Structures are given as C-alpha cells and as structure tokens.
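Asks: pasted the sequence and its predicted model underneath.
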Amino acid sequence: MHCPALPDGFDLTDPDLLHHRVPLPEFAELRRTEPVRWIPQPHGIAGFADAGYWAVTRHTDVKYVSTHPELFSSTLNTAIIRFNEHIERDAIDMQRFILLNMDPPEHTRVRQIVQRGFTPRSIRALEERLRARARAIVSAARERSGPFDFVTEVACELPLQAIAELIGVPQEDRSKIFDWSNKMIAYDDPEYAITEEVGAESATEIIAYAMNMAAERKRCPAHDIVTTLVAAEDEGNLNSDEFGFFVLMLAVAGNETTRNAITHGMHAFLTHPGQWELFRRERPATAAEEIVRWATPVNAFQRTATQDTELGGVPIRKGERLGLFYASANHDPEVFDDPDAFDITRDPNPHLGFGGGGPHFCLGKSLAILEIDLIFGAIADAMPGLRLADAPRRLRSAWINGVKELQVTTG
Ligand code: HEM
C-alpha cells in the first residue's frame with residue numbers, strides 16, 4: 001500500500017524538515033502503511049544503484065538491517081543519506097577509514113583494538129572526575145542572574161570534558177577540539193555559515209592534531225586512549241589513517257550526540273514537570289535510557305545492500321541505500337507502550353538510540369549514560385527550580401536531531 005500522507009518530493013533527510021521538527025506524524029504514517037518505502041532524490045552518485053533510498057521506519061526492520069552486515073554494508077558511508085551535487089565520490093572514499101564505515105572483518109579487527117579504551121574499568125576511572133565536573137558546570141550556570149543558554153553553558157560542557165579526558169587532550173586545547181567537531185557537523189545550518197570546505201579543513205586539522213599526540217605518546221606514554229592505540233599501531237594492528245580517523249570520530253561522536261541528549265532531556269523535563277518531580281525525588285536508574293529514546297540524537301544512519309535481497313516483504317536491489325530511522329523505531333507502538341509519552345520509569349526500554357544492536361552498536365554508550373546521569377543528578381541537586389525561558393532553536397541538519405539554543409532561567 002502506498003503511503004497517502006506524503007506529498008511527492010517529500011524527503012525524510014531534508015535538513016529543513018529536521019530544522020523545524022522531527023517528522024513523527026509522517027513516521028507513524030509510514031510505519032502503518034509503507035514501513036519500507038522508496039524515497040527518490042534528485043541527485044545520484046557513482047557507485048550507488050539509484051538516486052534515492054529506502055526509508056526503513058519500523059523497529060523490527062531497523063534491527064534486522066543493523067544485525068545483518070553481510071546483506072547491508074556500511075562501507076559506502078553510513079552518515080550521509082542526502083547527497084547533493086557538491087558531494088564527490090572522493091569525499092565518500094576518504095571516509096572509509098572511519099570505524100562506522102567499515103564492514104567485517106576490517107571492522108571486527110579495528111573495533112577489537114579501539115574498544116580497549118572503553119572497558120567498564122576505564123569508564124569507571126573517569127566517574128569521580130566527571131562527577132566533579134558536572135557539579136562545577138551546574139554551579140557556574142546557577143550563578144547566572146537572568147536567562148542563559150543551557151546548550152552552551154551546560155549541555156556542551158560535560159561531553160567535551162569527558163571525551164577530552166578519554167582521549168587525553170590537555171585543558172588548553174579542548175576548545176579547539178570542540179570547534180573542529182562543531183564545524184564538521186553544522187555545515188547544513190546557514191547560521192554558522194560553514195562550507196563543506198571548512199568542514200573538511202576541520203577534519204584535516206583534527207587528524208593532524210591526533211597524529212601529533214600519537215608522536216608525543218610514543219615518546220612519553222600516558223593513561224589514555226591515544227597511548228593504547230599507538231601501542232596497537234606499533235604492533236601493526238592499526239594503521240595511522242585508521243588511528244587519525246578514529247580520534248576524529250570520537251570527537252564528533254562524543255560531543256554532538258550526548259550534548260543533544262542532555263538538551264532534549266532538559267527540555268522534556270521542563271515541559272513534563274511531573275517527570276522532573278519524579279526524577280528529583282527518586283532518581284530512577286531508567287531515566288537516562290528514556291532520555292536517549294526521547295531525544296534520539298542521531299535521527300538516522302544508512303546502509304547499502306550488498307546483493308539483491310528483501311526487507312519486510314519488499315525486494316531490495318544490490319547497491320540500493322537504506323535509511324535506518326532510529327527516531328521512528330523509537331516511537332514504534334509495536335514495541336513501546338504509549339510511545340509518545342516521556343516516561344523515565346519505562347522498563348524494559350529496547351530503544352535504538354544507540355543503534356540497532358549490530359556490530360556498530362555505539363561504543364560510547366556507557367560513557368554517554370554516565371554523563372546523562374551525572375549532569376541531571378547535579379541539576380536536580382543545585383538547580384531544581386530551572387524554568388524554560390524560550391522555545392528551543394533547532395539545528396538545521398540532515399541527520400543530527402540537534403538543538404543549538406535553549407534559553408532557561410533559575411529566577
Ligand atoms: C556509534 C549514537 C555517544 C562513540 C553510534 C551509533 C549510534 C550512536 C546511533 C551507530 C550504531 C549503528 O550503526 O548500529 C550515540 C548517542 C550517543 C552516543 C545517541 C549519546 C547519547 C557516544 C559517545 C562516544 C560514542 C559518548 C564516544 C566517546 C561511538 C563510536 C561508534 C558509535 C566509536 C562507532 C561504533 C562502530 O562503528 O563500531 N553511536 N552515541 N558515542 N558511537 Fe555513539
């Protein structure tokens with residue numbers, strides 16, 4: 001059955017759509033009437049079967065695609081599902097060293113190495129430092145007499161400090177990492193006036209920075225991921241491109257996602273005062289997962305079919321792209337009771353905010369959950385009466401469900 005509610009030319013990866021809202025009504029309509037739907041796009045690119053992609057909107061199908069990398073590859077780039085006339089094949093090829101864009105067995109090899117830096121022990125080792133950071137961030141914000149921007153003053157800070165601690169970036173260089181990662185993500189938003197060239201330059205700068213750090217850690221090892229990865233490089237297990245792109249990916253993945261989970265979470269609490277009251281009183285351990293489900297900071301990633309196959313009864317041809325809409329899967333009534341309710345006691349909560357459970361499942365999940373717990377714990381302790389001062393301003397982006405400004409007040 002063809003989904004009647006979507007006009008011709010409607011594209012779920014249109015940055016203007018995410019600029020204003022997440023297309024929840026359209027997702028609901030698609031899940032009901034055409035859960036695997038072909039969305040044509042004006043621009044194709046060499047190497048892909050057709051201009052366009054399959055919009056995959058049901059929880060079960062997003063999971064199926066994510067857990068079958070032999071049928072649905074990540075190597076033709078996972079992040080960009082809206083091509084335009086400026087995107088060259090080279091730009092896609094360049095990204096093949098990013099972990100997200102690898103298939104097994106390369107992916108398995110690199111992931112085994114990089115996950116050494118994400119053991120429960122290394123995350124626990126950060127906890128006390130991050131708790132102190134979270135408290136300091138919130139007390140600085142509390143001193144504000146009038147309205148302030150929650151995004152810049154609170155939500156951006158802890159993820160930046162966490163990722164910088166993990167990578168081992170010294171305090172004086174942390175703002176550089178922050179600027180570079182912002183530039184790589186915000187090129188679709190005219191307010192930042194960032195061209196794709198500037199985004200590419202930032203990528204080059206971050207990689208050069210990582211390479212310098214690597215050289216330094218070879219001379220003088222430390223307790224951080226770079227030292228672990230440099231050792232792997234020396235053993236011949238990780239090449240220097242893979243190393244540089246991994247640090248780049250961490251900077252983006254660690255900053256842009258968690259910040260938006262925290263901002264959407266704060267907005268949800270401020271617009272659902274009963275849930276905030278409950279959080280302040282009981283601090284349920286289930287809250288952070290619900291915040292990620294509600295926020296779904298990564299709206300979608302893509303895969304490409306490796307052979308002719310089938311999904312939910314729909315034939316898919318080799319080379320065709322599929323957009324996995326996590327934001328839709330996270331509101332699927334087949335899986336979640338009352339999916340449009342923000343309920344911090346939701347349990348179980350098998351949301352796909354961190355991915356569909358396949359080999360690429362988010363490596364930073366434990367760190368992200370820890371950060372969300374710590375920051376909302378600190379806010380509930382020190383700024384329990386925070387109020388909304390203005391509506392959030394959203395980021396224009398094809399795939400990040402972002403907020404660039406959220407004015408709040410303690411007064
Ligand atoms: C992968 C979401 C925080 C590092 C992913 C994926 C998603 C995601 C959707 C792709 C999964 C897939 O394709 O199946 C999120 C969200 C976060 C978050 C919503 C915060 C709320 C972090 C943090 C880090 C991180 C804090 C690092 C410090 C990574 C890495 C991958 C990844 C390295 C790639 C894994 C691979 O390809 O094997 N994340 N992430 N993420 N994330 Fe996260």
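Replies: Received, thanks.

Asks: so the nearest residue to Thr286 once chain neighbours are set aside, which state does it fall into?
Replies: What sits nearest to Thr286 in space, not counting adjacent residues and going by Cβ to Cβ, 6 or more residues apart in numbering, is Asp347, at 4.9 Å. Every C-beta, even on glycine, is put in place using the N, C-alpha and C of the backbone. Under the three-state scheme (DSSP: H, G, I helix; E, B strand; the rest coil), Asp347 adopts coil.

Asks: same question for Thr304.
Replies: Quick answer, by three-state DSSP: Thr304 is strand.

Asks: can you list the residues of the protein near the ligand?
Replies: Residues of the chain that fall close to the ligand, judged by Cβ under 6 Å from any ligand atom: 66, 99-100, 111, 163, 249-250, 253-254, 257-258, 261, 292, 297-298, 301, 326, 353-356, 358, 360-364, 367-368.

Asks: just the buried residues of those.
Replies: Neighbour counting with 16 or more other Cβ atoms under 10 Å marks 66, 99-100, 111, 163, 249-250, 253-254, 257-258, 261, 292, 297-298, 301, 326, 353-356, 358, 360, 363-364, 367-368 as buried within the residues of the chain next to the ligand.

Asks: restricted to helices, list those.
Replies: 66, 111, 163, 249-250, 253-254, 257-258, 261, 292, 326, 367-368 (DSSP state H).

Asks: farthest pair in those residues?
Replies: Ser66 and Ile163 (24.1 Å; Cβ to Cβ).

Asks: now the residue nearest to Thr286: how far from Ile291?
Replies: Using Cβ to Cβ, to the nearest Å, we find Asp347 at a distance of 14 Å from Ile291.

Asks: just Thr227 next, same as before
Replies: 32 Å.

Asks: which of those two has more neighbours?
Replies: Remark: of Thr227 and Ile291, Ile291 carries more neighbours, 25 against 18, as counted by other Cβ atoms under 10 Å.

Asks: can you tell me the SS state at the closest residue to the more buried one other than its chain neighbours?
Replies: Nearest non-adjacent residue to Ile291, counting by Cβ to Cβ, 6+ apart: Gly265, 3.7 Å away. Following three-state DSSP, the label given to Gly265 is helix.

Asks: check what pLDDT Gly265 gets.
Replies: Gly265 is assigned a pLDDT of 98 by the prediction.

Asks: cool, and the one 3 residues further on?
Replies: Here, the pLDDT recorded for Ala268 equals 98.

Asks: just give me the neighbour total for it.
Replies: 17.

Asks: equivalent analysis for Gln161, please.
Replies: Counted with other Cβ under 10 Å, Gln161 comes out at 22.

Asks: can you check Lys183 too?
Replies: The number of residues packed near Lys183 is 20, by other Cβ under 10 Å.

Asks: for it, pull up the helix or strand it's in.
Replies: If you go by DSSP states H and E, Lys183 is part of helix 174-185.

Asks: mean confidence score for the next helix or strand after that helix?
Replies: Heading C-terminal from helix 174-185, the first helix or strand you meet, by DSSP H and E, is helix 196-219. Throughout helix 196-219, pLDDT has a mean value of 83.

Asks: name the residues of helix 196-219 that are buried.
Replies: 199, 202-203, 205-207, 209-210, 213-214, 217.

Asks: would you format those as a markdown table with distance to Leu311 included?
Replies: Compiled in a markdown table, the buried residues of helix 196-219 are given as follows (distance: Cβ to Cβ, whole Å):
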| residue | distance to Leu311 |
| --- | --- |
| Gly199 | 32 |
| Ser202 | 36 |
| Ala203 | 33 |
| Glu205 | 40 |
| Ile206 | 36 |
| Ile207 | 36 |
| Tyr209 | 41 |
| Ala210 | 37 |
| Met213 | 42 |
| Ala214 | 41 |
| Arg217 | 44 |
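
Asks: for the protein, name the helix or strand with the lowest mean pLDDT.
Replies: helix 89-94 (a mean of 61; mean pLDDT, DSSP states H and E).

Asks: quick check: Ala155 touching His264?
Replies: No: here Ala155 does not reach His264: they are 9.2 Å apart, not a contact under Cβ atoms under 8 Å.

Asks: what helix or strand is the nearest residue to Val154 once chain neighbours are set aside on?
Replies: Leaving aside its sequence neighbours, Val154 sits nearest to Ala141 (Cβ to Cβ, 6+ apart; 5.3 Å). Here Ala141, judged by DSSP H and E, is contained in helix 120-142.

Asks: list of residues touching that helix?
Replies: By Cβ atoms under 8 Å, 6 or more residues apart in numbering, the surrounding residues in contact with helix 120-142 are 148, 150, 153-154, 157-158, 161-162, 165-166, 366-367, 370-371, 374-375, 377-379, 381-383, 410.

Asks: next one, pLDDT for Phe301 please.
Replies: Confidence score, pLDDT, at Phe301: 92.

Asks: any regions of the protein where pLDDT drops low?
Replies: For the chain, applying pLDDT under 70 flags the ranges 1-5, 43-50, 80-94, 185-187, 192-196.

Asks: now find how far off-centre stretch 239-251 is within its chain.
Replies: 17 Å (Cα atoms, centre = their mean, to the nearest Å).

Asks: and if you look at stretch 97-109?
Replies: The answer for stretch 97-109 is 18 Å, by Cα atoms, centre = their mean.

Asks: kindly check the end-to-end length of that stretch for me.
Replies: Separation of the first and last residues of stretch 97-109 by Cα to Cα, to the nearest Å is 12 Å.

Asks: nearest to the ligand: which residue in the stretch 251-400 of the chain?
Replies: Gly364 (2.0 Å; Cβ to the nearest ligand atom).

Asks: what sits up against stretch 259-266?
Replies: 150-151, 154-156, 158-159, 291-292, 294-295, 297, 353, 368, 371-372, 375-376, 379, 386, 392, 400-403, 406, 408.

Asks: and Lys63, how far from Leu324?
Replies: Counting by Cβ to Cβ - Lys63 and Leu324 are separated by 9 Å.

Asks: anything in contact with each of those two?
Replies: By Cβ under 8 Å, 6+ apart, the residues touching both Lys63 and Leu324 are Gly356.

Asks: hang on, the earlier thing: thought Val252 was touching the residue of the stretch 251-400 of the chain closest to the ligand, still the case?
Replies: No: when contacts are counted by Cβ under 8 Å, Gly364 is not listed as touching Val252 (11.0 Å).
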